[in-house]
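*Asks:* After the sequence you'll find the predicted model.
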Amino acid sequence: MEITCGTDIIEIDRIKKTINGTSERFLKEVYNEREIEYCESKKGMKYQHYAARFAAKEAIFKAISNKLESKFDLTWKDVEIINDSNRKTSN
């Protein structure tokens, strides 16, 4: 069995500017309805939650990219980042 790991870091301000600059387009391309609902419920901290989910998705793509025939085999919405019952982020 092969175990792979991916990591990613994203600037919160970059996500905030992208979300505010593209209106709904970026949100609809990257996040599903549950992710958007969760992040929006965080009010003043919503951009931190969007950034965390974006970074987690990027890390997953990095970890599995060498297993895909094409980088287009997986979309942003194919990966959902959720919180477990202890409010810890998982996927």
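*Replies:* The structure has been received and is ready for your questions.
*Asks:* Please enumerate the strands of this structure.
*Replies:* Along the chain, counting by DSSP state E, strands occupy 82-83, 89-90.
*Asks:* Just give me the lowest mean pLDDT stretch among the ones you listed.
*Replies:* Among the strands of the chain, strand 89-90 carries the lowest mean pLDDT, at a mean of 56.
*Asks:* Which helix or strand in the protein has the lowest average pLDDT?
*Replies:* strand 89-90 (a mean of 56; mean pLDDT, DSSP states H and E).
*Asks:* and Tyr8, how many neighbours does it have?
*Replies:* To be clear, residue 8 is Asp; Tyr isn't right here. Neighbour count of Asp8, defined by other C-beta atoms under 10 Å: 14. Backbone N, C-alpha and C define where each C-beta goes, glycine included.
*Asks:* for this structure, what spans make up the helices?
*Replies:* Listed in chain order, the helices of the chain (DSSP state H) span 12-22, 25-30, 33-40, 46-64.
*Asks:* Out of the ones you listed, which one sits most buried?
*Replies:* Stretch with highest mean neighbour count among the helices of the chain: helix 46-64 (a mean of 19; mean count of other C-beta atoms under 10 Å).
*Asks:* could you say what helices and strands that one packs with?
*Replies:* helix 12-22, helix 33-40, strand 89-90 (3 or more C-beta pairs under 8 Å, 6 or more residues apart in numbering; DSSP states H and E).
*Asks:* Can you check what angle separates the first one from helix 46-64?
*Replies:* Regarding helix 12-22 and helix 46-64, their directions subtend 100 degrees when assessed with axes from the mean of the first three to the mean of the last three C-alpha atoms, to 10 degrees.
*Asks:* Now helix 12-22: average pLDDT?
*Replies:* On average, helix 12-22 scores 95.
*Asks:* packing partners for that helix?
*Replies:* Using 3+ C-beta pairs under 8 Å, 6+ apart: helix 12-22 touches helix 25-30, helix 46-64.
*Asks:* which residues sit against the last one?
*Replies:* Contacts with helix 46-64, where a contact means C-beta atoms under 8 Å, 6 or more residues apart in numbering, come from 4-16, 19, 30-31, 35, 38-40, 42, 74, 76, 79, 81, 89, 91.
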